[in-house]
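Chemist: test case, fold it:
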Amino acid sequence: MIGSVVACAILVRLGQRTALLICLPLNLVSWIVLATSSAVLTLHSARLVQGITTGLGGSAAYTLVTEVAFSRYRGRLCSIVDMLRSIGIFFVLGVGALMSWRSLAIFSGVLSTVLPFFGLLFIPNSPRWLASKRRYQEAEDALRFYRGPAFDITPEMSDIRTVVRRNKKDSLKTQLGHLREWQSLKRFLVLSFLSFGFQFTGHSIVITFTVPIFMETKSGIDPYMSGVLLGVTRVVGAVFYLLTADCCGRKLMFMFHSLICSLALTCISVYFYVKFEIQDEELASKMSVLPLISLLTLSFSICSALPNMLQHQRELMPLSFRAAGINILGVLFLGGVVLVIQGFPLMVDTLQLYGSFACFAGIMFLFAFYPMALMPETRKKSLEEIEMAMSKPKASLSE
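Modeler: Down below sits the predicted model:
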């Protein structure tokens, strides 16, 4: 969360590429300190630096990919980030069984920082960020680099100039000032509600409490092997989203996968209701594989629903407010995760397990239809086309 707050000013002033070149070495140092130190204060300090640099780097990487990707393939290119993250989590779980946690820390730090750092040395910054700083020639050169020498960048560059010239020269103060305009504020409030509220669908609970949930079922299924299966399923789900991200509309895909997630959460709720409320052991025994099947289905579909939602947010965020707005959404997103995870034990004490998952299922069902009513379709549209389509005569809140 702190990293997302820090990223607001850094991304506006320095751009995504420079921000990544700053945070990646610091992240590597924090991994090395974590792996080699035994002092409690030093370990906590290393974790703090890790959190800040991860928040900054994650926001910068997502925004950079969104801004440089060609509209026709933006969904797939952005989904690669989520796919690699799922592969990384599963890979670390597998490698972690073969080495100590200190060796794993150094291995993870080197793998996640060194290669990206050297790769960034050979690419320019986002043409849209450069244009926001009125560095139009550099923006044109960067756009030509990302599109290739044979591609006609004139129409796209013209749209970028048109949108940029509507706004004052970019700074954090001017970006925050755009919230006084009703159209920008309305869009931001809708996206903020989606980012924060989506955490109450329970997807982070399943990841965090996988082993305890399986232990609670007392079904004979090995909880740790189930966790590995869920990791594999997340990778498969991320690959599936990569292949289908640009095949149908963002809203339709989000609705479909959210309904699948809602059904899976409902099945988990039904199992716990039968086992602990009705206490029908014979029926519960017949349903013993239902929690595993449901959690596997949930893990698969959430790897499409969640990145789809995050991608939609980045595309709909007003260009005049993107760098600051995306990071504010990041704070709300992570704040929701912390609130839900910390509050889950109290929720279980109050509603029981079956009531908690029924609540998650209901919220997920509502979110399946929420974007259909309040969000436009963005697939295969450039960021400037989206912005111009949503721009209307602006009304200041002070009027």
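
Chemist: ok, now which ones touch the residue nearest to Glu140 when sequence neighbours are not counted?
Modeler: Of all residues not flanking Glu140 in the chain, Met157 sits nearest, at 5.6 Å (Cβ to Cβ, 6 or more residues apart in numbering). Using the backbone N, CA and C atoms, a C-beta is placed for each residue, glycine as well. By Cβ atoms under 8 Å, 6 or more residues apart in numbering, the contact set of Met157 is 127, 139-140, 143.

Chemist: any idea which element Met157 lies in?
Modeler: helix 154-165 (DSSP states H and E).

Chemist: equivalent analysis for Ser204, please.
Modeler: helix 203-208.

Chemist: would you point out the most distant pair within the contacts of Met157?
Modeler: Pro127 and Glu140 (7.2 Å; Cβ to Cβ).

Chemist: low-confidence ranges in this protein?
Modeler: Counting by pLDDT under 70, the chain shows low-confidence ranges at 1-9, 93-94, 96-97, 167-179, 216-224, 320, 371-373, 391-399.

Chemist: most remote residue from it's center?
Modeler: Largest separation from the mean C-alpha position in the chain: Glu282, at 41.2 Å (Cα atoms, centre = their mean).

Chemist: now do whichever strand or helix holds that one: distance to the chain's middle.
Modeler: Of the helices and strands defined by DSSP H and E, Glu282 is found in helix 281-286. Centroid displacement of helix 281-286 relative to its chain, using Cα atoms, centre = their mean, to the nearest Å, is 38 Å.

Chemist: same question for it: list its buried residues.
Modeler: Ala284 (16 or more other Cβ atoms under 10 Å).

Chemist: kindly report the same for stretch 117-129.
Modeler: So, applying 16+ other Cβ under 10 Å, buried residues of stretch 117-129: 117, 120, 124-129.

Chemist: pipe those residues into a markdown table and attach secondary structure and distance to His257 per row.
Modeler: Output for these, formatted as a markdown table (DSSP: H, G, I helix; E, B strand; the rest coil; distance: Cβ to Cβ, whole Å):
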| residue | secondary structure | distance to His257 |
| --- | --- | --- |
| Phe117 | helix | 34 |
| Leu120 | helix | 32 |
| Pro124 | coil | 35 |
| Asn125 | coil | 33 |
| Ser126 | coil | 29 |
| Pro127 | helix | 32 |
| Arg128 | helix | 29 |
| Trp129 | helix | 31 |
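
Chemist: and the furthest pair within the residues you listed?
Modeler: Phe117 and Arg128 (22.6 Å).

Chemist: ok, back up a step: contact partners of the helix holding Glu282?
Modeler: With Cβ under 8 Å, 6+ apart, helix 281-286 has contacts from 271, 274-275.

Chemist: out of these, which are buried?
Modeler: Of the contacts of helix 281-286, these count as buried by 16+ other Cβ under 10 Å: 271, 274-275.

Chemist: can you tell me which of the residues you listed are in strands?
Modeler: Within these, no residue falls in strands by DSSP state E.

Chemist: any chance of those in TSV, with distance to Leu265 too?
Modeler: Output for the buried ones among the contacts of helix 281-286, formatted as TSV (distance: Cβ to Cβ, whole Å):
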residue	distance to Leu265
Tyr271	11
Val274	15
Lys275	16
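
Chemist: just name the closest of these to Cys23, please.
Modeler: Set against Cys23, the nearest of the buried ones among the contacts of helix 281-286 by Cβ to Cβ is Tyr271 (43.2 Å).

Chemist: the residue lying closest to the closest one once chain neighbours are set aside: how many residues sit nearby?
Modeler: Nearest non-adjacent residue to Tyr271, counting by Cβ to Cβ, 6+ apart: Leu290, 4.8 Å away. For Leu290, the count of nearby residues is 19 (other Cβ atoms under 10 Å).

Chemist: likewise the one 10 residues further on?
Modeler: Counted with other Cβ under 10 Å, the neighbours of Phe300 add up to 22.

Chemist: how about the contacts made by it?
Modeler: If you count contacts by Cβ under 8 Å, 6+ apart, then Phe300 has 233-234, 236-237, 240 around it.

Chemist: can you do 6 Å?
Modeler: Applying Cβ atoms under 6 Å, 6 or more residues apart in numbering, we find Phe300 in contact with 233, 237.

Chemist: what sits against the residue nearest to Arg144 when sequence neighbours are not counted?
Modeler: Excluding its sequence neighbours, the residue lying closest to Arg144 (Cβ to Cβ, 6+ apart) is Ile153, at 5.5 Å. Contacts for Ile153 (Cβ under 6 Å, 6+ apart) come out as 143-144, 147.

Chemist: need the helices for the stretch 201-350 of the chain, in chain order.
Modeler: Remark: helices assigned in the stretch 201-350 of the chain by DSSP state H, counting those that start in this stretch are 203-208, 210-217, 223-244, 250-272, 281-286, 290-316, 322-374.
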